[in-house]
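In: Got a predicted structure here, sequence first:
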Amino acid sequence: MSKSNTGSETDDGAGLTESPDRPGVYRTKYDPDGTGTVTDTVIQAIAEVAEVDPTNTVIPLADRIDPDALNSLFADREGNAQTTFRVCGLEVLVRSDGRVRIVDDSVSDTD
């Protein structure tokens, strides 16, 4: 999938970016000091990768992981917590340092 805001891999929380050397691997960053939750960040990123509007499309996150537990686990950046789960055919990795990685296996070459 091609994203309009891709092309450079950044770590500044500026939005979803696609890895320039690994097609289908997307990264974004969650800001625990911001107004949204980590669940909001994950849903928005999944929607961007899937090229859907999250306000008009149901992203079944709760079928794979408890959103409240996800928010509690990553409420701050303490520790070394991380979790990986699959939703909408995408692998989602969330880390306590705020990094979120989404891998679209239908596009990526993860050899």
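Out: Nice, thanks for sending it over.
In: Now residue 28: which helix or strand?
Out: strand 25-29 (DSSP states H and E).
In: what pairs with that strand, and is each one parallel or antiparallel?
Out: As defined by DSSP bridges, the strand partners of strand 25-29 come to strand 17-18 (antiparallel), strand 99-104 (antiparallel).
In: tell me which residues in the longest one are buried?
Out: Neighbour-count burial for strand 99-104, with 16 or more other CB atoms under 10 Å as criterion, is recorded at 100, 101, 102, 103, 104. (C-beta placed from N, C-alpha, C; glycine too.)
In: among the strands paired with strand 25-29, which is nearest residue 62?
Out: strand 99-104 (17.4 Å; CB to CB).
In: which residues are contacting that closest one?
Out: 1, 11, 16, 24-30, 38, 41-42, 45-46, 49, 89-94, 110 (CB atoms under 8 Å, 6 or more residues apart in numbering).
In: Which among these count as buried?
Out: By 16+ other CB under 10 Å, these give 16, 24-30, 38, 41-42, 45-46, 49, 90-92, 94 as buried.
In: Let me see the ranges of the helices in this protein.
Out: 38-50, 67-73 (DSSP state H).
In: Between those, which one is closest to residue 60.
Out: helix 38-50 (9.9 Å).
In: Please convert the strands paired with strand 25-29 to CSV, extending it with distance to residue 83 and mean pLDDT.
Out: Putting those into CSV (distance: least, CB to CB, whole Å; pLDDT from 0 to 100) gives the following:
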stretch, distance to residue 83, mean pLDDT
strand 17-18, 21, 94
strand 99-104, 11, 96
